[in-house]
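**Student:** All I have is the shape, not the residue letters:
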């Protein structure tokens, strides 16, 4: 856990330019969050070799608790 929240690191060893269709994550919180609480999942992909287009290596999904 960091001061900003939890952090997980996943590593997948594949050859460069091999398409990985998706990863699945489950978020479990120790206490029920309030309605409207914002959760953010930030994903970053990195390669051992330089990426010619690093602009598409990070994405963020934000979700608000609805009930």
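**Tutor:** Okay, I see it. Computed from a predicted model, the values in this text were never measured in an experiment.
**Student:** Centroid-nearest residue for the chain?
**Tutor:** Most central residue of the chain, judged by C-alpha distance to the mean C-alpha position with Cα atoms, centre = their mean, is residue 43 at 3.1 Å.
**Student:** Against residue 51, how distant is residue 66?
**Tutor:** Here the distance between residue 66 and residue 51 works out to 36 Å (Cβ to Cβ, to the nearest Å). From N, CA and C alone the C-beta is placed, and that goes for glycine too.
**Student:** These two - which one has more neighbours?
**Tutor:** Counted by other Cβ atoms under 10 Å, residue 66 and residue 51 do not tie: residue 51 has more neighbours, with 12 against 7.
**Student:** Report the secondary structure state of residue 39.
**Tutor:** strand (DSSP: H, G, I helix; E, B strand; the rest coil).
**Student:** So it is in contact with residue 28, correct?
**Tutor:** No. Under the criterion of Cβ atoms under 8 Å, residue 39 lies out of contact with residue 28, with a separation of 11.4 Å.
**Student:** Settle it for me: which of the two has more neighbours?
**Tutor:** Of the pair residue 39 and residue 28, residue 39 is the one with more neighbours under other Cβ under 10 Å, namely 13 against 5.
**Student:** In this protein, where is pLDDT below threshold?
**Tutor:** By pLDDT under 70, the weakly predicted segments of the chain are 1-6, 12-23.
**Student:** if you set the cut-off to 50 instead, what comes out?
**Tutor:** Along the chain, the parts satisfying pLDDT under 50 run over 1.
**Student:** Okay, strands next: where are they in it?
**Tutor:** Taking DSSP state E to define them, one finds strands in the chain at 38-44, 58-64.
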